[in-house]
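Trainee: Task: produce atomic coordinates for the following.
(chains A, B and C)
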Amino acid sequence: MVTYEFNRESRLLTPGQFQSVFSKPSRYGSSHFTILITANNTDRNRLGLAVAKKRVKLAVQRNRIKRLVRESFRLKQHDLPGIDIVVMVKSGIDKLDNSEINHQLEKIWRKIIQRQKR
RNA sequence: CGAGUUGGCCAGACAAUCGCUGCUUUAUCCUCUGCUUUCGGGUAGGGAGAUAAAGGGGAGGAAAGUCCGGGCUCCAACGAGCAGGGUGCCAGGUAACGCCUGGGGGGCGCAAGCCCACGACAAGUGCAGCAGAGAGAAGACCGCCGAUGGCUGGCAACAGCACAGGUAAGGGUGAAAGGGUGCGGUAAGAGCGCACCGGGCGGCUGGUAACAGUUCGCAGCAGGGUAAACUCCACCCGGAGCAAGACCAAAUAGGGUUUCAUAUGGCGUGGCUCGCGUUGAAACCGGGUAGGUUGCUUGAGCCUUAGAGCGAUUUAAGGCCUAGACGAAUGAUUGUCCACGACAAAACCCGGCUUAUCGGCCAACUCAAUAG
RNA sequence: GCGGAUGUGGUGGAAUUGGUAGACACGCAGUCUUGAGGGGGCUGUGCCUUAGGGCGUGAGGGUUCAACUCCCUCCAUCCGCA
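Mentor: This next block holds a predicted model:
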């Protein structure tokens, strides 16, 4: 039975874990996202978010974007093959609506899955 | 039904599915201690964690800006003085405030009502560029006069000159030129005199006071502005902040160089001095660690009723528990409905202020008025 | 989260007992020199306006005769604290 849970094991928690992703990343991107991934040699995927105050000024918008990314990751996590992910954003993303953000994330997940299968 | 003022309340709703995070209960697993044992275990109590199920909770009126005030924590204690800072009509409220309430004064509005850093420049010191004659108990540039004295003419009355001089009514300069109006007065003028108005000082009356009134008395008037200039007066303020601080584990390896001091010293201490405590301190190089728990939500708390008070507020009784996260929860998708949803999200906690904001509802009051 | 600092033409940066804002340097534009370029010289350079004049020190108010300067509110940028 496949569950769509999202608890603390599915996140990057410490600065050290973030650093390991930043040190040897594969890059993916879209018009408003930059995503870094690296293999973590487990059967779990882990997500870290880096939404800078400089990119998105209002706390309400930052929270909205983080929630959307988490939700999208939660629903897709079983199709991904054991990687650590750091999602960063670019300026202007706070002007997009929910469906547009979801659409961009979908495209990136599909690209990652294709790349990793080879 | 219109126009407006003040106060208070709400902050899309409902359903389904999938998620996040605390709390409570139950079950299973793990673990510690005691007792017992046929060494498999059994039983009682405790602990923290994991999983599952059920129930219940889960951003704001501004959570914001960080502009004030407190609680709390540490600085041995926060004691004295100086420096520095803040507030500023009066009275009250409060834990406290730069906040609030009531009152006074001034301004705006037909009104309900709204707005105001609103102590003292007659304690002292300073400032006012340019312009202007003169800028502070002032000043003759133009103007006015020239009574008096002088000169000229004339027998004289007097006329002329504008020399001495007088003059702040008028012009001009300026942000500002030293009470206003009228009459008298005069050579021309002038609080020079008088009347009224305004203001000052003293008294009296009302008020806790700010202040107001005065048919009372005094003196012709008194010296303008600026204190968000120094200052004076009254009152208040020790410093830092939850990244405060405390605990557990690890670590800080008794390493090197330089400088200061060597006790009338250094440091604690983040203005200085005294006082107090403590006994070396600081900088750089090299090396090592920066994980977890706690502080963390029950509080100047909220609701109802009754009493005190014009009110802010307060007293009593009863009831309620209403987010505590930590790479950071309170969401996503779909559907239905409508007034089509603004500004915007806690990070130790409260009380205010300020700023942003789609709209909706309720109450009291004011104006316009009886037309549709 | 807490604490602190700064804001002046296109750029750096002057101007303080409150008294003519934009010194100085760079850049830019025009012009002279040169066959041309470079270099150098000279002139101009915040905005609006025909002129007179008006508006301009991050924004908005206030005090004052007068504000870059003093006071209040807001905005933006930067720095420090484990």
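
Trainee: could you pull out the helices for chain A?
Mentor: For chain A, the helices defined by DSSP state H cover A:15-23, A:59-76, A:98-117.

Trainee: between these, which one is nearest to A:Tyr4?
Mentor: Closest of the helices of chain A to A:Tyr4 is helix A:59-76, at 5.4 Å (criterion: Cβ to Cβ). (Glycine included, C-beta is placed from N, CA and C.)

Trainee: Report the contact partners of the most centrally placed residue in chain A.
Mentor: Note on chain A: the residue nearest the mean C-alpha position is A:Val87, at 4.0 Å, using Cα atoms, centre = their mean. Applying Cβ atoms under 8 Å, 6 or more residues apart in numbering, we find A:Val87 in contact with A:Phe33, A:Thr34, A:Ile35, A:Leu47, A:Gly48, A:Leu49, A:Ala50, A:Val69.

Trainee: A:Leu96 versus that one, what's the distance?
Mentor: Distance, A:Val87 to A:Leu96, by Cβ to Cβ, to the nearest Å: 14 Å.

Trainee: any idea which of the helices of chain A is most buried?
Mentor: helix A:59-76 (a mean of 16; mean count of other Cβ atoms under 10 Å).

Trainee: which secondary structure elements does it contact?
Mentor: Secondary-structure packing of helix A:59-76 (3 or more Cβ pairs under 8 Å, 6 or more residues apart in numbering; DSSP states H and E): strand A:46-50, strand A:83-89, helix A:98-117.

Trainee: Please produce a markdown table containing the ones you listed, extended by mean pLDDT and distance to RNA strand B.
Mentor: Below are the helices and strands packed on helix A:59-76 laid out as a markdown table (pLDDT from 0 to 100; distance: least, Cβ to the nearest atom of the strand, whole Å):
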| stretch | mean pLDDT | distance to RNA strand B |
| --- | --- | --- |
| strand A:46-50 | 86 | 4 |
| strand A:83-89 | 87 | 8 |
| helix A:98-117 | 87 | 3 |
